[in-house]
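Colleague: Show me how the following folds:
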Amino acid sequence: AAWGGPVARGQLTPRGMRQLEGLGRAFRQRYLLGKPFALAGASYSHTEYVVRATDYDRTIQSALAFTQGLYPPGTGPEQGLPARAQVVPVRTTPRALDSLLLAMDSDVCPRVGELQALATKSEPWARLQARLDAARHQLAEASGYPPDSLRLDNISAVADPLLCEAAHGLPWPAGLAEAGLGEEAIQLLHESLRPRFAFDAEMHRLTAGNMLAQAIGRFQRLAGAPVTVPLQPLGAPDVQDGAGAGAHALTHFSAHDSTLVSLLAALGHFDDELPPYGASVVFELLHRDDAEDARGGAYAVRVFYNRGVNASDLFQDPLDLCGTRDGTCSLDMFADRFGPVVAANYSAACRAWGNASLSGPGRAREDETSLSKVGVYGAIGVLSTTVVMLLLCACSCGGPGAVESERLSKYENVPLPIEPASSRLTNV
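Modeller: Below you'll find the predicted structure:
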């Protein structure tokens, strides 16, 4: 009722479905309908578009909702479903094997668990924990969460439902709305992200290196250049590279806010805030029409961080990765700068060291190579997009979790706010 329909915990809400469908329509305009690019046909083709999600209901649902906007009714086969609806396959892989999109999970990479344990002993973590301790009993009483179980590493149990309720126009419980308690829980969640996922080069390599390998390797292959990074870190082609290594015009990964946090941190653009619902990081491979005058070859890379699903959030300014005036990197410069983030041997790098330390005896560190600054080069003239790799944060909030399950009844008769049609992305 409060979420706009029956929604189980961890699933996408009806509003989240509409938002992702609208986002798909915006991407259809940009990349399929020539506004400004036409990378692939207006109807689905398995050789042009491929999508992979983590093995969670909400990320799979988000991918499916997105594809409904990317390939809306009327674009499917004539003798298929009613209204010529298009069914797009969504690939996934078991959680414990997903070293591409769930690399920040200690079950996937044990060394990450050790590094996160180390983070809990750091001074920044201690300061945050002290703030939580000061508000622990009030937060527990207001949220219904057991005070002895409320820790900084699970503050999301309180903060996530509050973010979800705010996104749905629902009021917070009085105890959390007063005295800034709810805001403090959310702020603690934001500030705990860097110590957990983004605090050193080794963590970047373990949690984001495989995703950067996808971008670098796919783009190099499409540009006809030698591939300088491993694409299958564990040597299992269909498991570790489940989206395939073909020359798709659009490659789409549906994952989590923590996936985006790890990637943005490795790119040097994490802003210490949890990505909004439906946020995305988009890698574009561009062809230089003035290749003879450009440094670094005929191809350039441009990366956008879209902080939400509204039109005003999308494709505003590319991330400054190479210090250029137009926000692009030559493909060679992009590979040179971010190739060192990719582990040469991911399996070895992820093995637990048996201690929570930044180095171990008799073992070469994987993170000795630091990211060096690259040179600045000028404008590169006219560009045309060749291929796109999209990482979509599919964390649009699901149904009642542990905190709000006991008090959901107070919201049962609250109508879900429906945004006006003019504010949606349908017509973008």
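Colleague: how about the strands in the stretch 151-300 of the chain?
Modeller: 250-255, 280-288, 299-306 (DSSP state E, counting those that start in this stretch).
Colleague: Mind putting these into TSV with mean neighbour count?
Modeller: Every residue, glycine included, has its C-beta placed from N, CA and C. Listed next are the strands of the stretch 151-300 of the chain as TSV, based on neighbours: other Cβ atoms under 10 Å:
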stretch	mean neighbour count
strand 250-255	26
strand 280-288	23
strand 299-306	24
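Colleague: Export those as a markdown table, with columns for distance to Asp148.
Modeller: Listed next are the strands of the stretch 151-300 of the chain as a markdown table, based on distance: least, Cβ to Cβ, whole Å:
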| stretch | distance to Asp148 |
| --- | --- |
| strand 250-255 | 32 |
| strand 280-288 | 38 |
| strand 299-306 | 38 |
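Colleague: With distance to Val7 and mean pLDDT as extra columns, can I get the ones you listed in CSV?
Modeller: CSV is the format used below for the strands of the stretch 151-300 of the chain (distance: least, Cβ to Cβ, whole Å; pLDDT from 0 to 100):
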stretch, distance to Val7, mean pLDDT
strand 250-255, 18, 92
strand 280-288, 22, 91
strand 299-306, 25, 94
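Colleague: List just the one of those strands that sits closest to Glu48.
Modeller: strand 250-255 (6.7 Å; Cβ to Cβ).
Colleague: Surely Phe197 touches His204?
Modeller: No - with contact defined as Cβ atoms under 8 Å, Phe197 does not count as touching His204 (9.1 Å).
Colleague: which residues do the two both contact?
Modeller: Shared contacts of Phe197 and His204, defined by Cβ atoms under 8 Å, 6 or more residues apart in numbering, are found at Ser262, Ala265.
Colleague: who's in contact with Gly41?
Modeller: Leu32, Glu48.
Colleague: is it true that it lies in a helix?
Modeller: No - Gly41 is assigned coil when assessed by DSSP: H, G, I helix; E, B strand; the rest coil, not a helix.
Colleague: what residue ranges in the stretch 301-428 of the chain are flagged as low confidence?
Modeller: For the stretch 301-428 of the chain, the stretches with pLDDT under 70 are 355-387, 389, 392-428.
Colleague: go again using 80 as the cut-off
Modeller: Residue ranges of the stretch 301-428 of the chain with pLDDT under 80: 354-428.
Colleague: Geometric centre of this protein: which residue is closest?
Modeller: With distances taken as Cα atoms, centre = their mean, Leu260 lies nearest the centre of the chain, 3.3 Å away.
Colleague: if I look at that one, how far off is Gly76?
Modeller: 31 Å (Cβ to Cβ, to the nearest Å).
Colleague: Ok, Leu115 next?
Modeller: Taking Cβ to Cβ, one finds Leu115 at 46 Å from Gly76.
Colleague: quick one: which of the two has more around it?
Modeller: Leu115 (23 against 19; other Cβ atoms under 10 Å).
Colleague: what separates the more buried one from Leu206, distance-wise?
Modeller: With Cβ to Cβ as the criterion, Leu115 and Leu206 are 8 Å apart.
Colleague: now Lys35
Modeller: Lys35 sits 39 Å away from Leu206, going by Cβ to Cβ.
Colleague: the more surrounded of these two?
Modeller: Leu206 (27 against 12).
Colleague: I'd like to check which residues are in contact with that one.
Modeller: By Cβ under 8 Å, 6+ apart, the neighbours of Leu206 are Ala103, Cys109, Arg111, Val112, Leu115, Ala343, Tyr346, Ala349, Cys350.
Colleague: if we go to 10 Å?
Modeller: 99, 103-104, 108-112, 115, 262, 266, 341, 343, 346, 349-350, 366-367 (Cβ atoms under 10 Å, 6 or more residues apart in numbering).
Colleague: Please tell me how far it sits from His190.
Modeller: Taking Cβ to Cβ, one finds Leu206 at 22 Å from His190.
Colleague: swap in Pro146?
Modeller: 23 Å.
Colleague: now Arg52
Modeller: From Arg52 to His190 the distance is 28 Å (Cβ to Cβ).
Colleague: for Leu176, same thing?
Modeller: 16 Å.
Colleague: can you check Ala157 too?
Modeller: 15 Å.
Colleague: Which one of these two is surrounded by more residues?
Modeller: Ala157 (17 against 14).
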